[in-house]
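Novice: Predicted model and sequence follow; I will ask about them next.
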Amino acid sequence: MSRLIVDLSRYVILLFMVIFTLITFSALKTRDPYVRRGRLGSLMVFTVFFNITCFAMLFFQTFETDVLVIFGLLMLYIIISSILYHVLYPASSLLLVYLMNMILSVGIVIQTRLGRETALKQLIIACLAMVVSLIIPVIIRKAKKLENMGAFFAVVGILLLGAVFVLGGVFRGGRLSIEIFGITFQFSEFVKITFVFFIAAMLNKATDFAQVFRVTIVAGIHVLILVVSKDLGAALIYFVAYIVMVVTATRKFRYFFVGVGGMAAASVAAYRLFSHIRVRVAVWMNPFADYSGTGYQIIQALFSLCAGGWFGTGLFNGTPEMIPLVRQDFTFAAICEEMGILFAICLVALCLCLYLLIVSIAVRLEKPFYKLIALGLGVEYAFQVFLTVGGTTKFIPMTGVTLPLVSYGGSSLMCTMFMLAIVQGLYIIRHEEDPYEEMTPEEMQELLYEEELRELEEEERQRQEQLRRERELAERQRRERERIERLRQQQKASGSTNAVRQQSQNRPPRQENGRQNIDEDFFANTKLKNNEPRNR
Amino acid sequence: MKDKNFPEELNNRQDKPVRGRAYKAASAVFVLIFVAMIGYMVYFQLRESSALLNSPYNTRETKTSSSIIKGSLLARDGRPIAYTSVGDDGSETRIYPCGSLFAQTVGYSDYGSAGLEATQNHLLVESHVPVSEQIINEARGEKTWGDSVITSFDLDFSQAVYDIMGEMRGAVIVLDASDNSVLANISKPDFNPVRVSEEWEILNDEASGSPFLNRALQGLYPPGSTFKIATALAYLREYGSDNNFHYTCTGEYTCGGYTIHCSGGAVHGDQTLSEAFAHSCNCAFAYIAAECLSGRTLATITDNLGFNRKFDLALPSTASRYSLTTAKADGLTMQTAIGQGNTLMTPAHLAMITSAVYNRGIMSEPNYVLGTASYSGTKLTDNRAESLGRVMSTEEAAALKEMMRLVVTDGTASGLSELPYGICGKTGTAQYNDNPDDAHSWFTGFSDTGNYDIVVTVILEGGQETGTSAAAVAQRIFGTWFALKGR
């Protein structure tokens, strides 16, 4: 009988997840603010239902009080965080809060399945991070000078990454973490935030080539330290965030192609230089070539992926613990096995929703500095999800980054929550400045449309400007031609035409005589170069 | 890029917060990536997951083992040859009622798994019991029975062949000549599938003679005189017919400084191709390879016949080996022509070639699985032997059949002429080292009555020592088969 309950509850869990995903999508799209409020309320309800079902399943299979403790704490966390945002920041995006809480719940459920202690630790970190998160909007409002602190962020980022590289303990072949007072910090997670702030601050000042070049140098140093520290995943995340931010700030898509080209070249170089990258690619192409060695982890993950089928084995019915490091790197495989591929697809869709939500928030923000920050943080989040999910499913080579909010890892969890809190903070500030603005995607579409219109107008204006300048130029040329004509006539009148012709044939024209040799070619050149006339 | 000559306000235009298109693009790119990834997950689940689930490396329990009892393997008449017994306490035991009869073919699923138990596992742990019944079972807390796999084995006949083999080392494979399904596949020595884990050490000991090896599919033996089927086919291919072949055997043939002897010091005298084949005249076939065939013919023929090719069977198999690419007048060529040299064959492959002669030149793979049925006995799927197409012309097949008939009526397998089943065949003696007494005994052949015909291939390791020839074993097998069929 208990098996029937477990069997049924996995369908119920899947059902809640599917409904939650659908509501999230529709909430992203809906127009009517009242319907929207209602849908947001139902999101909260389904998060609670989901957790009750999952933890009931977990409890009936273990009968451990730990599970109940975690459940209670998680419920408190979800409810209190929602209420606090509601009360303290009525202008906040509740969709962002609920979405984060749902993804976090999935993480806590699977961590509880894999190990009660780590789940509790994870949850406590989440609670602490939430407390800090609630202060972040205030900090952002007070700190008006953030956009002038680009250099500061650059120095902090490089110092932290460098410190990890120099002092950090070697863990699994990569220098990823540093230990302070017994707590292990993974600075590459924290630097993700300063990195985005740095790029946003720099590109907020200017977007000319020299500035982009400066940004590229500093970003390159970040990425290089990470590559040398063998933190390939983080290096890729930084790089992609950098490209997207540069392209967005400059509005020059050619930077995108340059960036992708550079990435390809760098990848080839890294492949040649570093044996651990070659190993990863080889494992990706054929994990069975070295079954018991390098391929073991990914093969176990793939077995896990298949073992559950569409609906999963149900919690505690699978054997995800056969995957080495399942709590950190392969949480997603464990979710696939025990909760099913369909559930996992919903989870990926929710991550995508979170990203789309962040981008839409970025669009709504007023200050370009804030817009860039929101977009950069969103891209970092989405690309990290892509790296870990793609790596687990062998869609791309494994890079060993965590699934944000889901995998076990204090630094990762904390930083992701801070990132989301920053986006939330920016949204709150914008919203408080303009309390009537409750924008739906259609309105946002309109906004985007207007922006495009403005862009087009801008281009039109530039075109007009160009035309005007060309006309001016033509005018000047005409005047010049007339002047020369007059000069020629004067020379003719004075009867020295022959002398001039001789001069021009026998020796190169000197400066003072240059004007006399001006012909149609000169005008053609001037026009091509589009320069102002020299004698301005 | 900054242009010094541009008015200042134009240079600053890029700092305005109007970047709608870039945000749209940033959203679209990631939506695309995520959709591709989800698509890949679906594809992976649909197309690649069953291969991984059945991977020999996969040691975890399959997704259904918690709710489905592994189904049975059945003989072709429906009697179980491997099934799961559920005790009162719900414990499951795998039962092998035939003991070691199907040791290497059906295999075991204890201490790892092997044979059909391993390769057909994914069919056994599926269930096609009606969904309503499955739900009722779930509600009662009972497990659902998995599907059954119907093997090609004839239980009584296999038992008889097993008894005929007794303690002799070697292998027998018997195919139904009409559809190439495997009626019996016996490999000796064998083991008891129930006691694998207890006897693991002993069974893996060198002295036990590799009991896990299915000699019919995986044993590589020098083909000896049975290879003359291929040499004769090469001659027919090259000349279109026997071309009034004549050769006078003096008991030895020397060419290129190498001498071939007929076995047992026999002197056969004047021989046609059929007579040389029937009497297994080594000198005549060495002469054919050295002087009659062009360099590539034998290599082409063996390639056609499937040497060096691994067949995709329900059980693990090994490819036969042939390495002589160009025939010339030297010792190795002559050796190869009479089945010594570097050529190695599996009994199953020889049975396939023999079956091709019976089937007018069409060769098929041996088939071990006839289909699946649900627990209640409803037939679910059918499985047929994979045809490999034509490997010899109808005329060539007819000529070979005639020669193989002469082997029985007036040749090395004359013992079989007592049986009224029109048996055609070829014997062989394959030396496996320099001592002429250390030889395996081969027989391959088929009955030709038009009804219940079978292909029998027998190898007895060190057949000379045991005092019985493979042909004598085959004679008893043919007799038993037709006796069982009431004829």
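Specialist: In hand now; what should we look at?
Novice: Packing partners of the helix or strand containing A:Arg461?
Specialist: Element membership for A:Arg461 (DSSP states H and E) is helix A:441-494. On a contact count with 3 or more Cβ pairs under 8 Å, 6 or more residues apart in numbering or on different chains; DSSP states H and E, helix A:441-494 meets helix A:341-364, helix A:497-506, helix A:520-529, helix B:20-43. For the C-beta atoms, the positions are set from N, CA and C on the backbone; glycine is no exception.
Novice: which of those is buried the deepest?
Specialist: Each of the helices and strands packed on helix A:441-494 was scored by mean neighbour count; the highest is helix A:341-364, a mean of 23, by mean count of other Cβ atoms under 10 Å in any protein chain shown.
Novice: check whether that one contacts chain B.
Specialist: Yes. Helix A:341-364 reaches chain B (Cβ under 8 Å from any Cβ of the partner chain) through A:Ile341, A:Ala344, A:Ile345, A:Val348, A:Ala349, A:Cys351, A:Leu352, A:Tyr355, A:Leu356, A:Val359, A:Ala362, A:Val363.
Novice: Just send those back as TSV, with pLDDT too.
Specialist: Formatted as TSV, these follow (pLDDT from 0 to 100):
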residue	pLDDT
A:Ile341	92
A:Ala344	95
A:Ile345	95
A:Val348	96
A:Ala349	96
A:Cys351	96
A:Leu352	95
A:Tyr355	95
A:Leu356	93
A:Val359	92
A:Ala362	90
A:Val363	87
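Novice: can you list contacts of stretch B:359-368?
Specialist: With contact meaning Cβ atoms under 8 Å, 6 or more residues apart in numbering or on different chains, stretch B:359-368 is reached by B:105, B:116, B:151-152, B:173, B:175, B:177, B:179-182, B:185, B:305-306, B:311-315, B:348, B:351-353, B:355-356, B:383-394, B:396-398.
Novice: rerun that using 7 Å as the cut-off
Specialist: B:116, B:151-152, B:175, B:180-182, B:306, B:311, B:313-315, B:348, B:351-352, B:355-356, B:383-394, B:396-397 (Cβ atoms under 7 Å, 6 or more residues apart in numbering or on different chains).
Novice: Looking at those, which are in helices?
Specialist: Residues from the contacts of stretch B:359-368 lying in helices, with DSSP state H as the criterion: B:Leu116, B:Ala348, B:Ala351, B:Met352, B:Ser355, B:Ala356, B:Thr394, B:Glu396, B:Ala397.
Novice: My guess is B:Gly209 contacts B:Lys188. True?
Specialist: No. Look at B:Gly209 against B:Lys188 with Cβ atoms under 7 Å: they stay out of range, at 8.5 Å.
Novice: more neighbours, the two?
Specialist: Neighbour count, other Cβ atoms under 10 Å in any protein chain shown: between B:Gly209 and B:Lys188, B:Lys188 has more, with 21 against 14.
Novice: tell me the contacts of that one?
Specialist: Counting by Cβ under 7 Å, 6+ apart, B:Lys188 makes contact with B:Met165, B:Met168, B:Arg169, B:Gly170.
Novice: Let me have those in CSV, extended by pLDDT, secondary structure and neighbour count.
Specialist: Formatted as CSV, the contacts of B:Lys188 follow (pLDDT from 0 to 100; DSSP: H, G, I helix; E, B strand; the rest coil; neighbours: other Cβ atoms under 10 Å in any protein chain shown):
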residue, pLDDT, secondary structure, neighbour count
B:Met165, 91, helix, 22
B:Met168, 88, coil, 21
B:Arg169, 90, coil, 19
B:Gly170, 92, strand, 26
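Novice: Please identify which two of those are farthest apart in space.
Specialist: Across these, the longest distance by Cβ to Cβ is 8.9 Å; it joins B:Met165 and B:Arg169.
Novice: still on that earlier bit, just the closest of the ones in helices among the contacts of stretch B:359-368 to A:Val246, please.
Specialist: Distances from A:Val246 to the ones in helices among the contacts of stretch B:359-368, taken by Cβ to Cβ, are shortest for B:Leu116, at 60.8 Å.
Novice: quick one: the closest residue to chain B within the stretch 151-300 of chain A and A:Ala362, what's the gap?
Specialist: Of all residues in the stretch 151-300 of chain A, the one sitting closest to chain B is A:Thr248 (4.0 Å; Cβ to the nearest Cβ). Distance of A:Thr248 to A:Ala362, computed by Cβ to Cβ, to the nearest Å: 9 Å.
Novice: got any residues that touch both of those two?
Specialist: Residues touching both A:Thr248 and A:Ala362 by Cβ under 7 Å, 6+ apart: A:Leu375, B:Tyr23.
Novice: Helix or strand: which one has the spatially most central residue of chain A?
Specialist: Centroid-nearest residue in chain A: A:Val379, 1.3 Å away (criterion: Cα atoms, centre = their mean). Using DSSP H and E, A:Val379 sits within helix A:368-392.
Novice: and the next helix or strand after that helix, what other elements does it pack with?
Specialist: Using DSSP H and E, the next helix or strand after helix A:368-392 towards the C-terminus is helix A:410-433. Secondary structure elements in contact with helix A:410-433, counted by 3 or more Cβ pairs under 7 Å, 6 or more residues apart in numbering or on different chains; DSSP states H and E, are helix A:94-114, helix A:116-142, helix A:187-205, helix A:341-364, helix A:368-392.
Novice: Excluding chain neighbours, what is closest to the residue in the stretch 51-200 of chain A that chain B sits nearest to?
Specialist: Closest residue of the stretch 51-200 of chain A to chain B, Cβ to the nearest Cβ: A:Glu147 (11.8 Å). Nearest residue to A:Glu147 in three dimensions, chain neighbours excluded: A:Phe369, at 4.4 Å (Cβ to Cβ, 6 or more residues apart in numbering or on different chains).
Novice: which residues touch the one you found?
Specialist: By Cβ under 7 Å, 6+ apart, the contact set of A:Phe369 is A:Glu147, A:Ala200, A:Ala201, A:Asn204.
Novice: which of the residues you listed has the most neighbours?
Specialist: Each of the contacts of A:Phe369 was scored by neighbour count (other Cβ under 10 Å); the top score is that of A:Ala200, with 26 neighbours.
Novice: Wait, that residue touches A:Leu375, no?
Specialist: No. When contacts are counted by Cβ under 7 Å, A:Ala200 is not listed as touching A:Leu375 (8.7 Å).
Novice: overlap in contacts of the two?
Specialist: Residues touching both A:Ala200 and A:Leu375 (Cβ under 7 Å, 6+ apart) are A:Met245.
Novice: Contact partners for A:Ile19?
Specialist: Counting by Cβ under 7 Å, 6+ apart, A:Ile19 touches A:Phe46.
Novice: before we move on, back to that, let's have the helices and strands packed on helix A:410-433 in CSV, adding distance to B:Gly339.
Specialist: Output for the helices and strands packed on helix A:410-433, formatted as CSV (distance: least, Cβ to Cβ, whole Å):
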stretch, distance to B:Gly339
helix A:94-114, 61
helix A:116-142, 67
helix A:187-205, 68
helix A:341-364, 54
helix A:368-392, 54
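Novice: excluding its backbone neighbours, what's nearest A:Val132?
Specialist: Residue nearest to A:Val132 in three dimensions, not counting chain neighbours: A:Phe418, with 6.9 Å by Cβ to Cβ, 6+ apart.
Novice: Tell me who's in contact with that neighbour.
Specialist: A:Phe418 makes contact with A:Ala129, A:Val132, A:Ser133, A:Ile136, A:Ile193 under the criterion Cβ under 7 Å, 6+ apart.
Novice: Which one (most neighbours) among those?
Specialist: The residue in the contacts of A:Phe418 with the most neighbours, by other Cβ under 10 Å, is A:Ser133 (24 neighbours).
Novice: For chain B, name the helix or strand with the lowest mean pLDDT.
Specialist: Least confident helix or strand of chain B, by mean pLDDT, DSSP states H and E, is helix B:8-11 with a mean of 42.
Novice: For stretch A:313-330, the averaged confidence score.
Specialist: The predicted model assigns stretch A:313-330 a mean pLDDT of 82.
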